[in-house]
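>>> Pasting a predicted model and its sequence here:
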Amino acid sequence: AKDVYLQWDVTWVNAAPDSYERPVIGINNEWPCPQVDVDVGDRLIVDVTNSLGNQSTAIHWHGIHQYTSGTMDGASDVSQCPIPPGSTIRYNFTLDQAGTYWYHSHNMGQYPDGLRGPLIVHDPSPPFEWDDEFTVTLTDWYHQEMPELLDQYESTDNAQSNAGDEPVPDVALINDSTQSQFKVQPGKTYLVRFICVGNWPGHAFLFDDHEMTVVEIDGVWVEPYPVGERNIRIAPGQRMSVLIKTKDDASKNYAFWDTIDINMMFVYENKPIPEHYNPNATAWLVYDESLPLPPPPVINEFDFIDDLSFVPYDRTPLLEPVDHQIILNTGHTTINGISRFTINGRTYMPQQVPTLYTALTIGPKYYNNPAVYGDVNPIILKHNDVVEIVINNYHNNLHPWHLHGHQFQVLQRTNVDGGFFNGYYANVSSTPVIRDTIMVQNNGHAVIRFRADNPGVWLLHCHIEWHVEAGFVVTIIEAPDQFQNMYRSKDHIRICDAYGSPSSGNA
Ligand code: C2O
């Protein structure tokens, strides 16, 4: 194991990923942001300087458990104060999980302006073999900047025709471009790591005439699953790695094709699909640069593989029995004319004092008192309990729910209009799929389980960035009696103290 030391200056840069130039948030004056490659066991030390001038920031390491390093989770107002312009903070933690992850700003509504990139933790002894690998990011993209789009989204002004409607992306991007080419050699096996870094619709993708075999989901190796004629869906926050075998000769190039889900953007929102709207992006597997780049295949129907079809390679058994079951009824409402999402009737409000700070400073007799944590809809967990969370989705659209601090087993997940949890489990696998982000279907539900073995303060939220802004977040306060000791001795409080103690709030 080694130390990987990075110095990141977060800056505005101009970029034109689809030939429309706009300011984006880059790192060290470059965009797309760099891929971070480390090996299992390495320590990652990143000094992040905020040179944006006009916005605060913070970096979250999506999918990394941060076991005993919950102060490094990077969620603004949760595990740290945001980094103000002109300041630097150090993230410093060990990577003890192999797999495909990513990093992104976890300052409200910021990463879709560009501040996100792949984080690959290489496995010294993977269960499969490949010759080479590459990473493919998929995203929706907007010509306007997020602060402006969020203003429209949250506007109560009826003159703003799109008030309360999620802004519609201008294009889909593959590796932050509409022209990406993946150079390949004939006769080789490639591991292709897909990361959905988008903030709104799900994506479906395929290679023309190259069979994909899924081998990793959200950092978990799975039994090889050939995709065949079916389709893979990947939602904001999710990752999926596939093996592909290239052709034996280099006589032709092949299209790679991605589409963003028009059902989520229009159909379930009861909005007409604009004429000439193009939800597709194309890239190419390039065997020979002197040969033409063919158009993508035409696909009109999707047959998605369900998450529950995948089996973790190490066949981790189902966690049971359940010590603590939590039912979350999730829905949508309008509060004072503004679109808000609710969980058990409550909407999340950002905290002026990071919740971890609150949890560390309140007296022991208040540890388990939700009221002292403010409007964060807290769930308080006991150390080492097996926790089951049921997410009932009463909203007429899909939502990708992501949990910080854990990967979870997915016991069941209904189709669209599949109904709500009624206490009945259908055919639960003895080795359920394990992941950190699950797409919960409209008017349906999902049931997940994990062991509360990671003391800290973790968010559970819909990864659609509009919905994070609109309060679709709960805070999990896990084993506060344990992390009192764990984080007292660490230097995380320094992160806030460096900028003076927060001046108001409930700490
Ligand atoms: Cu990708 Cu709260 O995270």
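Here it is on my side, so go on.
>>> quick one: the strands in the stretch 301-450 of the chain?
Ranges of strands within the stretch 301-450 of the chain are 324-335, 338-343, 379-381, 386-393, 399-403, 408-413, 434-435, 437-440, 444-451, based on DSSP state E, counting those that start in this stretch.
>>> interface residues of the stretch 401-507 of the chain facing the ligand?
Residues of the stretch 401-507 of the chain lying close to the ligand (CB under 6 Å from any ligand atom) are His402, His404, Leu459, His461, His463. No exception for glycine: its C-beta is placed from N, CA and C like everyone else's.
>>> Might you report the residue contacts of the nearest residue to Ile59 once chain neighbours are set aside?
Excluding the flanking residues, the one nearest Ile59 by CB to CB, 6 or more residues apart in numbering is Gly74, at 4.7 Å. Gly74 sits next to Ala58, Ile59, His60, Trp61, Gln80, Tyr91, Tyr103, His106 when contact means CB atoms under 8 Å, 6 or more residues apart in numbering.
>>> cool, Glu30 as well?
Residues in contact with Glu30, defined by CB under 8 Å, 6+ apart, are Val13.
>>> Look at Ile338 and say how many residues are nearby.
By other CB atoms under 10 Å, the residues close to Ile338 number 16.
>>> and what of Tyr287?
Close neighbours of Tyr287, defined as other CB under 10 Å, add up to 18.
>>> same thing with the one 3 residues further on?
For Ser290, the number of neighbouring residues by other CB under 10 Å comes to 6.
>>> What parts of the stretch 51-200 of the chain come near the ligand?
Taking CB under 6 Å from any ligand atom, the part of the stretch 51-200 of the chain that reaches the ligand is made up of His60, His62, His104, His106.
>>> how near is whichever residue of the chain sits closest to the ligand to Tyr487?
Of all residues in the chain, the one sitting closest to the ligand is His62 (3.6 Å; CB to the nearest ligand atom). Counting by CB to CB, to the nearest Å, the gap from His62 to Tyr487 is 21 Å.
>>> what about those two, which has more around it?
A direct count of neighbours by other CB under 10 Å for His62 and Tyr487 places His62 higher, at 27 against 23.
>>> That one: what's it in contact with?
Tyr101, Trp102, Tyr103, His104, Leu119, Gly237, His402, Asp436.
>>> mind giving me a markdown table with those and columns for pLDDT, neighbour count and distance to Ala359?
A markdown table is the format used below for the contacts of His62 (pLDDT from 0 to 100; neighbours: other CB atoms under 10 Å; distance: CB to CB, whole Å):
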| residue | pLDDT | neighbour count | distance to Ala359 |
| --- | --- | --- | --- |
| Tyr101 | 99 | 23 | 25 |
| Trp102 | 98 | 26 | 27 |
| Tyr103 | 98 | 28 | 24 |
| His104 | 98 | 25 | 24 |
| Leu119 | 99 | 23 | 27 |
| Gly237 | 98 | 28 | 25 |
| His402 | 98 | 22 | 21 |
| Asp436 | 98 | 27 | 22 |
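>>> Those: which two are farthest apart?
Greatest spatial distance among the contacts of His62 (CB to CB): Leu119 and His402, at 14.9 Å.
>>> can you give me the helices in this structure?
146-153, 262, 355-361, 465-469, 480-488, 492-497 (DSSP state H).
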